[in-house]
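Q: kindly return the folded structure for what I paste below:
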Amino acid sequence: MTWGERAALEGLLTAMKPALSIEIAIAPGGSLGRIAAHSDEVHSVARSAAGSDLLALRQVQFHTGDIHQRLPALLQRLARAGRNVDFVLVDGDHSTPGVRQDVSDLLASPAIADTVILLHETMNEHVRRGIEQAGVLGFPKVAEFNLDAIPGGLCTEGDGRGQLGGGLGIIKVDARRAAYGTPPPSPTQALSAYAVLTALREDLLADDQGLDRERVLEWCQSRSQLLAELRQLRDERDRLARRLGEAERVRATLTTSTSWKVTRPLREVAAALRGGR
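A: Numbers count the residues shown, from 1 in each chain. Next comes the predicted model:
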């Protein structure tokens, strides 16, 4: 993790003080030590075994092997015990199918009810695509979703030139909100950092002498205008929906009134006469 990502992780854990946490990783590392420092109980789900320094952490239980088998089994056991996971760091399989399965397994579990899920490498194209394919906003218990809580970056030189990486995303789960029918959050603003960096990368790879910043600025302005127009259309849609609802209520009131029922034979006769013309 970058220094900024480490600071964000440390600040979040300091504020939360989770009772029960999970880290999903290829191999347990420095982040596990920080999670353990702030949590009462931690479960490490990793493909590789931990080093001796991490094995000495008494509050950590290790689940080593196939992540996509170990994680569902752990979640099922926690759910059966009626337990809630407070914090999860997802930093394991960075392939699109792997990330999709990890996020889907988490959100489908009853043990993820009042939970903050931190997602690492959200600027990586494969990781980001996996999160998007998991259909996060399709789960009513998702209260907040931001793929770019801490934006990643674009490598502009060296072997990694043109590659996107890093970044932290957040999913806030609150199962109680589903009872109130609250609409899901909009992901529109969460996509902006990725879209801008993608445009920058296109210019970087197209022009070996540097970034075409004027083109990127023009693109951003055009996108802002489109978003403003989209908001206006949404407002108009909501206004028309309210008017339609009011009209439906008036119609329902009229058609159930005594006068409407009494005059029904007259309306039928009038309709028959119009039809016979």
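
Q: in which helix or strand does P140 reside?
A: Assigned by DSSP states H and E, P140 belongs to neither a helix nor a strand.

Q: okay, it and L107: tell me how far apart.
A: 10 Å (Cβ to Cβ, to the nearest Å). Using the backbone N, CA and C atoms, a C-beta is placed for each residue, glycine as well.

Q: which one of the two is surrounded by more residues?
A: L107 (19 against 16; other Cβ atoms under 10 Å).

Q: so where's the stretch 51-200 of the chain uncertain?
A: By pLDDT under 70, the weakly predicted segments of the stretch 51-200 of the chain are 156-160, 162, 178-200.

Q: could you redo the last one with a cut-off of 50?
A: Of all residues in the stretch 51-200 of the chain, those with pLDDT under 50 make up the ranges 188-191.

Q: the strands in it, which residues?
A: Taking DSSP state E, counting those that start in this stretch to define them, one finds strands in the stretch 51-200 of the chain at 60-64, 87-91, 114-120, 142-150, 153-154, 164-165, 168-174.

Q: among those, which comes closest to A81?
A: strand 60-64 (13.4 Å; Cβ to Cβ).

Q: got the CA positions of that closest one in PDB?
A: Provided in PDB are the C-alpha atoms of strand 60-64 (Å, rounded to 0.1, in the frame of the first residue of the first chain):
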ATOM      1  CA  VAL A  60      -5.500 -13.900  14.700                       C
ATOM      2  CA  GLN A  61      -6.900 -17.200  13.300                       C
ATOM      3  CA  PHE A  62      -5.300 -18.300  10.000                       C
ATOM      4  CA  HIS A  63      -7.300 -20.000   7.100                       C
ATOM      5  CA  THR A  64      -4.600 -20.900   4.600                       C
END
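
Q: now do that strand: everything it contacts.
A: 28, 32, 36, 41-50, 54-55, 70-71, 73-74 (Cβ atoms under 8 Å, 6 or more residues apart in numbering).

Q: mind giving me the PyMOL select for those residues, buried ones only?
A: Buried subset of those, written as a PyMOL selection, criterion 16 or more other Cβ atoms under 10 Å:
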select buried, resi 28+32+36+41+42+43+44+45+46+47+50+54+70+71+74
